[in-house]
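K.L.:
would you be able to build a 3D model of this:
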Amino acid sequence: MYVACAKIISLEADVANLKKSEAAFKEKYEEAKSHRERVEVELNAQILSKDRDLAGKDVEIAKLKRRLRKAQEGQDAEKQKVESFEILTLRWRRSRPRPSRRHRRLASPL
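P.N.:
A predicted model of the protein is given here:
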């Protein structure tokens, strides 16, 4: 009987210790859970900030691409003008009358 009473007292002490441990683990669990939630909120805020930054950079890239295309189009137009002028100059040189030998002799200072 004494052994049974001692065993019951021992088991009751174990139950009390387990309840204390359970309370400590629950407290740690709640702490970890709240810490996790804070970290998730911070990470989500960082992600939103990065997304905004990326969206802004995408807009900037699009503007730069448009400016580059306009500059290229301007260069192409300028190049076409120059080529067109060169073609007109060549046509003019071909179409103008060539001086005869007599004119060349008269024009030479000898």
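K.L.:
in the chain, where is pLDDT below threshold?
P.N.:
99-110 (pLDDT under 70).
K.L.:
where is the longest helix in it?
P.N.:
Criterion DSSP state H: the longest helix present in the chain is helix 2-95.
K.L.:
how close does D53 sit to I8?
P.N.:
66 Å (Cβ to Cβ, to the nearest Å). For the C-beta atoms, the positions are set from N, CA and C on the backbone; glycine is no exception.
K.L.:
ok, back up a step: any idea how far the longest helix of the chain is from the chain center?
P.N.:
Its chain's C-alpha centre and that of helix 2-95 lie 10 Å apart, by Cα atoms, centre = their mean, to the nearest Å.
K.L.:
change the start of the numbering to 20 and stick with it
P.N.:
In the new numbering, first residue 20, that becomes helix 21-114.
K.L.:
for that helix, packing partners?
P.N.:
Packed against helix 21-114, as judged by 3 or more Cβ pairs under 8 Å, 6 or more residues apart in numbering; DSSP states H and E, are no other helices or strands.
K.L.:
spatially central residue in this structure, please.
P.N.:
Nearest to the geometric centre of the chain sits L73, at 5.0 Å (Cα atoms, centre = their mean).
K.L.:
measure it to A81 for me?
P.N.:
13 Å.
K.L.:
E61 too?
P.N.:
31 Å.
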